[in-house]
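Student: predicted model and sequence below, questions to follow.
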Amino acid sequence: MVEQNLQKFNTPVFPFTAIVGQEEMKLALQLNVIDPKIGGVMIMGDRGTGKSTTIRAIADLLPEIEVVKDDPFNSHKSDLDLMG
């Protein structure tokens, strides 16, 4: 029963390559994936413009990472250059 309840909240991920439009946002996200030293991307826009869908789609493409336990900044475990 618990497993059935969890399946209700499992949101399907839309493929990143199928997202149409929002070219600047997609480019900024891709560049941030290529070079994490960019420091992030701030995404703003009206409701229904695909912000969350795009983020979920690109996050689905990324490999899992090791994290520092209880670190609110999600720092890299061993690369100090990425932490600063």
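Tutor: That came in fine, so what should we check first?

Student: spatially central residue for this protein, please.
Tutor: Centroid-nearest residue in the chain: Ala59, 3.7 Å away (criterion: C-alpha atoms, centre = their mean).

Student: need the distance between the two termini of stretch 31-43.
Tutor: Stretch 31-43 has its terminal residues 14 Å apart, counting by C-alpha to C-alpha, to the nearest Å.

Student: what about Ile58, neighbour count?
Tutor: 19 (other C-beta atoms under 10 Å). C-beta: built from backbone N, CA, C; applies to glycine.

Student: packing partners of whichever strand or helix holds it?
Tutor: Using DSSP states H and E, Ile58 maps to helix 51-61. Under the contact definition 3 or more C-beta pairs under 8 Å, 6 or more residues apart in numbering; DSSP states H and E, helix 51-61 sits against helix 23-34.

Student: what residues does the helix it packs on touch?
Tutor: Contacts of helix 23-34 with the rest of the structure, by C-beta atoms under 8 Å, 6 or more residues apart in numbering, involve 16, 19, 38-41, 43, 45, 51, 54-55, 58, 61-62.

Student: where in this structure is the helix or strand with the lowest mean pLDDT?
Tutor: helix 2-8 (a mean of 50; mean pLDDT, DSSP states H and E).
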